[in-house]
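S.K.: Could you work out the structure for the sequence below:
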Amino acid sequence: MSFRDINFSNEELKILEHKSSGNIPSGFLSDDDQEKIELLFNIQIYHRPSDMKDLAIIYGHKSKNDRDRWLIEASKRRNREATNKLLNVLDGYTLKLDFGYAERAFEMLNIVSEFNRYHRILDFLGEMYYRGIGTPKNIVVAYEYFEEAAKYGNENSMCKMGEKFENEGDYQKAAELYSQASKNNNFPYAICRIAHMFLWGVGLPRPDYIKAYNLYRSVSNSGSASYHLGLMLDGFFQNDPEQYPFFPTDKIPTNRSEAFRYFKIGANKKHRLSCYKLGRFYENEPGHNDLVSKNLKQALKYYLMGAIKYDGDCCFKVGQFYENYPGYDGVVLQDIEKAYFFYQRGASYQNQECIEKLAQMYLE
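M.R.: Got it, this is the predicted structure:
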């Protein structure tokens with residue numbers, strides 16, 4: 001089947017048959033379906049992607065399967081608006097706890113990518129392979145997609161390629177890619193990657209904490225920047241002078257309440273590491289029990305947010321909640337099946353605690 005073939009459903013074929021005969025039976029369609037009839041007819045005659053996109057929007061209120069089908073058809077024909085709508089839909093699918101949605105997203109994206117090499121599609125596929133979302137993790141294939149998307153100017157893929165060069169020791173090439181990506185609308189992730197190099201002294205004689213701090217502050221509303229600002233104010237560096245002898249404690253002193261504020265900004269942006277930190281604060285774990293009262297409901301909320309964003313540590317924490325806590329506020333929480341589900345999800349992200357927990361459950 002070529003992309004020119006139109007994938008009409010049986011119901012739609014009946015509509016077109018009645019339309020061509022000029023005789024649509026009374027009661028066959030409601031009055032508000034008239035626009036759908038006209039769009040189907042135009043699609044059959046003209047094959048216009050814009051009509052397919054409009055039809056998908058109409059279906060979106062009643063049938064997600066039909067909506068997705070027509071978004072795919074329009075995206076295959078490189079309708080940019082339909083492609084962006086499809087990518088937003090698929091992003092939602094990958095965040096659902098049911099693995100089946102992610103697998104469906106991966107399948108749909110592969111269909112479209114055969115005909116449409118839009119950089120956002122390539123970057124999305126790269127992320128799915130990179131994280132093992134909807135498909136087994138494959139770093140080699142992930143970087144193939146990132147490399148192609150980066151050539152088309154995708155900022156996220158530029159940063160991913162920068163990380164690859166950074167890991168290989170080519171710090172100059174990494175910095176060039178981050179710098180190039182950061183020039184496109186001040187892309188926050190790219191600026192965070194540059195700050196990261198200053199923070200840890202990557203490719204430098206020694207870290208430059210002030211530059212890192214200022215760069216993070218310039219994009220402080222992003223999840224990654226907020227997390228690292230929280231880390232720099234939380235005492236992580238200040239309390240370990242032997243490990244971090246050049247950290248300027250006089251210019252960046254510990255400020256736990258400000259650190260908590262930044263972690264909360266990051267968590268509300270669904271940054272997975274920030275979610276984990278907030279969960280630990282609300283669970284009142286050691287070193288995190290001095291700012292807020294213990295609140296298991298809030299702790300679970302943030303751990304769940306992190307688990308949905310592919311964090312293995314958060315998955316382990318959620319599994320622990322479902323395995324060990326009877327509940328709170330009259331809500332029954334203990335559920336071994338759910339605990340197993342989250343341990344399994346965390347294991348898929350290579351979390352060692354989840355892997356060990358699954359092995360223990362198998363033995364029992």
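S.K.: Lys264 reaches Lys277, doesn't it?
M.R.: No. Counting by Cβ atoms under 8 Å, Lys264 sits too far from Lys277 to count as a contact (9.1 Å). The way it works is simple: take the backbone N, C-alpha and C, and place the C-beta from them, glycine included.
S.K.: between the two, who's got more neighbours?
M.R.: Neighbours per residue (other Cβ atoms under 10 Å) separate Lys264 from Lys277, with Lys277 holding more: 25 against 18.
S.K.: residue contacts, that one?
M.R.: Tyr227, Gly230, Phe263, Gly266, Ala267, His288 (Cβ atoms under 8 Å, 6 or more residues apart in numbering).
S.K.: What ranges does the stretch 251-364 of the chain have for its helices?
M.R.: 256-268, 272-283, 296-308, 312-324, 336-348, 352-363 (DSSP state H, counting those that start in this stretch).
S.K.: what's the closest of the ones you listed to Asn110?
M.R.: helix 336-348 (19.7 Å; Cβ to Cβ).
S.K.: Can you give me the domain boundaries for the chain?
M.R.: What automatic domain parsing lists as the domains of the chain is 1-116, 119-178, 186-269, 272-364.
S.K.: can you list those in JSON lines and add mean pLDDT?
M.R.: Formatted as JSON lines, the domains of the chain follow (pLDDT from 0 to 100):
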{"stretch": "domain 1-116", "mean pLDDT": "80"}
{"stretch": "domain 119-178", "mean pLDDT": "96"}
{"stretch": "domain 186-269", "mean pLDDT": "96"}
{"stretch": "domain 272-364", "mean pLDDT": "88"}
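S.K.: Which residue, neighbours along the chain excluded, lies closest to Phe106?
M.R.: Of all residues not flanking Phe106 in the chain, Gly134 sits nearest, at 3.3 Å (Cβ to Cβ, 6 or more residues apart in numbering).
S.K.: Can you classify the closest residue in space to Met52 that isn't next to it in sequence as helix, strand or coil?
M.R.: Nearest residue to Met52, sequence neighbours excluded (Cβ to Cβ, 6+ apart): Ala74, at 3.8 Å. Three-state call for Ala74 (DSSP: H, G, I helix; E, B strand; the rest coil): helix.
S.K.: So what's the residue count around Ala74?
M.R.: 28.
S.K.: same question, the one 10 residues further on
M.R.: Asn84 has 14 neighbouring residues, counting by other Cβ under 10 Å.
S.K.: Touching, it and Arg120? I think so.
M.R.: Yes. With contact defined as Cβ under 8 Å, Asn84 counts as touching Arg120 (7.3 Å).
S.K.: Next up, the contacts around the residue most central in space within the chain.
M.R.: Central residue of the chain (Cα atoms, centre = their mean): Lys309, 5.9 Å from the mean position. Shown in contact with Lys309 (Cβ under 8 Å, 6+ apart): Leu95, Lys270, His271, Arg272, Cys275.
S.K.: Likewise for Gln44?
M.R.: Gln44 touches Ile6, Phe8, Leu16, counting by Cβ under 8 Å, 6+ apart.
S.K.: now do 7 Å
M.R.: By Cβ atoms under 7 Å, 6 or more residues apart in numbering, the contact list for Gln44 reads Ile6, Leu16.
S.K.: Am I right that it sits in a helix?
M.R.: Yes. Membership of Gln44 in a helix is supported by three-state DSSP.
S.K.: Next one: it from Lys269, what distance?
M.R.: Here Gln44 is placed at a distance of 45 Å from Lys269 (Cβ to Cβ, to the nearest Å).
S.K.: Contacts for stretch 223-241 next, please.
M.R.: With Cβ under 7 Å, 6+ apart as the criterion, stretch 223-241 contacts 188-189, 192, 195, 199, 213, 216-217, 219-220, 244, 247, 249, 252, 254-256, 258-259, 262-263, 265-266, 269-271, 273-274, 277.
S.K.: What of stretch 122-133?
M.R.: Contacts of stretch 122-133 (Cβ under 7 Å, 6+ apart): 87, 90, 94, 102, 106, 109, 113, 134-135, 137-139, 141-142, 145-146, 148-149, 154, 156-157, 160, 310, 348.
S.K.: All set now, cheers.
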